[in-house]
Each structure stands twice: as structure tokens, then as C-alpha cells.
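1. Below are the sequence and a predicted model for it; my questions follow.
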Amino acid sequence: MDYQFLGKTDSFWIGIYTLTAIAGTMLLAITGWFIYWQLRLATKSLKFDGILRMQEIVDNFSIDRQIIYNTFPKELIVFTSQFSTLPPGRSVLDKKSLIGNGYNDLSKKQKSSLSKLTTEQLQLAYKVIGILNDLGQLVEDGFVDRRIFLGKYHTMIIRLCHFLEAIRRQVEKTNGGNYGHRLLRMRHEAIRFNKICPKHRSMAINIVTPKGVINIIPSQIGSLWQRVYWNILRHLYY
């Protein structure tokens, strides 16, 4: 015989308890879904704001880039063979030296061109290096999707880093510290992105100046094994 409470049997109260538990679980699930959706919208909004900020930064120094390409001496350009094979790490604990890792010093022509730059040209170079540093920080901190950034601007990054590397080295040598290391990481990422995308690596990257066209990244077809390796990297990183 069922025990009765308030005129209702045990089966009735068990049913009520079960329905209450189900309702609570459904409410919890709905609340969780709502929170997830709000977080997703907030994340998309944050990334969208980051993309807008990135495009605004790039648009605002387009004239500065043209001044560099058109007025800076082409002999200032640093070539791939003069960069370290691996860029400096982001961690403050990374003690990797840039020298001795494929690193080559500036040539006599590069040093001579560097010494002839005017104060105005140097100030413009410092400004552009600072802007590139800000762009790199937006990407490294996750405010801008790496694939979007590199897809839109990897050639710009490569050209500017090769043109301004001599000035970056001079400032770092004179003032000490780790000046412009984020640019080296950006260049490394941009070259890797260019290499692993078939439509990009099939085209050479040049710097066009009034005194001639300088090739800094040749077009690449690659062997079968290289293409397989690049395809693996594309899926791993992008």
C-alpha cells in the first residue's frame, strides 16, 4: 500500500520530482546554450573590430609605404640570405641569438646607403616599423585572424621588412634591446604562408623602385616532396 502525503501517493510525488528534474535540466541546457551563443557573438564582434582596426592601420600609412619604395635607395634592401633562418621567439625567456643562425651582416653598399639616409627618411622608417609592430601585436594576441591578415598583407609585410631591416639593425645595434623582433617573426610567417599556398608561391615577390625592380622572393614550384611538406604545413598552421 502506497504511503500518501496531502492525499497523493508516492508514485504521484515521484512523478512530480522527475518532471521537476527534467525541467531544471532543460532550463540549465537552454541557459548554457544562450551563454555560449552570446560568447560566440562577442568573439565574432571582437574579431570584426580587430579586422577593421587592422584595415584602418594599413590604409593610414599607404602614402608612407609609397615614399619608402620611391625615395629610399634600392641598395638598402636586405636579401633573404642575410636573415636568420629562424626568427626570435616571442617569449621573454627565449634567448636565441639572431647571429650565427644563417645571419649575415650588411654589405658595404647597404651600410653606405644607410649612412646617407636623411633625418626625415629615418623618422619615416621608425614610424613604419612602429606601425608594423602594432599590426603584428594584433595578430599575435589573437585580435585578428592570422589567415586573414597574411592572406591580405603577406606581400606587403615581406617587402617592407626587407626594405627596413638595415634600419632596424642599426637602431638595435645603437640602442640595444630587441628592437623590431616582431617584424622578423611577421616576415617569417609571411614567407611561410607564401610558400605553402600554391597560387602565391608561383609568383615572385618584387620591390618596384624608380631605379629598378628588385626580386626578393623568387617564384617556387618545388619538388614533389616539398609540395607534400608544404601541404602538411598549410593544414597544420592555417
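-> Great, that's in hand.
2. And the next helix or strand past the lengthiest helix in the chain?
-> With secondary structure taken from DSSP state H, the chain has its longest helix at helix 10-60. Scanning forward in sequence from helix 10-60 by DSSP states H and E, the next helix or strand is helix 62-71.
3. In that following helix, which residues are buried?
-> Residues of helix 62-71 classed as buried: Arg65, Ile67, Ile68, Tyr69 (neighbour count, 16 or more other CB atoms under 10 Å). Any C-beta I mention is one placed from the backbone N, CA and C, and that applies to glycine too.
4. Tell me, please, the helix or strand in the chain that averages the lowest pLDDT.
-> One helix or strand of the chain scores below all others by mean pLDDT, DSSP states H and E: strand 4-5, with a mean of 54.
5. Can you list the low-confidence ranges for this protein?
-> Within the chain, the segments meeting pLDDT under 70 span 1-10, 12-13, 36, 38-47, 91-103, 238.
6. Tell me which stretches of it form helices.
-> Using DSSP H, the helices assigned to the chain run over residues 10-60, 62-71, 108-115, 119-140, 146-175, 181-196, 198-201, 224-237.
7. Centre of the chain to the shortest one, how far?
-> Centroid displacement of helix 198-201 relative to its chain, using CA atoms, centre = their mean, to the nearest Å, is 18 Å.
8. Quick one: list the elements packing against it.
-> Judged by 3 or more CB pairs under 8 Å, 6 or more residues apart in numbering; DSSP states H and E, helix 198-201 is in contact with helix 181-196.
9. so how far is Pro87 from the residue nearest the centre of the chain?
-> Among the residues of the chain, the one closest to the centroid is Val139, at 4.3 Å (CA atoms, centre = their mean). Distance of Val139 to Pro87, computed by CB to CB, to the nearest Å: 14 Å.
10. what do you get for Ile77?
-> Plainly put, Ile77 is 19 Å away from Pro87 if you go by CB to CB.
11. which parts of stretch 105-123 are buried?
-> Result for stretch 105-123 [16+ other CB under 10 Å]: buried residues Leu106, Gln110, Ser113, Leu114, Leu117, Gln121.
12. Met203: which of those is nearest?
-> Gln110 (26.0 Å; CB to CB).
13. need the contact list for the closest one.
-> Contact analysis of Gln110 by CB atoms under 8 Å, 6 or more residues apart in numbering lists Glu75, Leu76, Ile77, Val78, Ala166.
14. Max pairwise distance over the residues you listed: which two?
-> Checking these with CB to CB, the most distant pair is Glu75 and Val78, at 10.4 Å.
15. Who has more neighbours out of those two?
-> Val78 (21 against 18; other CB atoms under 10 Å).
16. The more buried one and Glu165 touch, don't they?
-> Yes: counting by CB atoms under 8 Å, Val78 touches Glu165, with 4.0 Å between them.
17. ok, Phe143 touching Gly50?
-> Yes: using CB under 8 Å, Phe143 is in contact with Gly50, at 3.5 Å.
18. more neighbours, the two?
-> Taking neighbours as other CB under 10 Å, Phe143 and Gly50 compare with Gly50 leading, 19 against 16.
19. per-domain residue ranges of this protein.
-> Domain assignment for the chain by automatic domain parsing gives 4-42, 61-237.
20. check contacts around the spatially closest residue to Gly180 that is not a sequence neighbour.
-> Of all residues not flanking Gly180 in the chain, Arg168 sits nearest, at 4.0 Å (CB to CB, 6 or more residues apart in numbering). By CB under 8 Å, 6+ apart, the contact list for Arg168 reads Ile129, Tyr179, Gly180, Leu183.
21. Perfect, that will be all.
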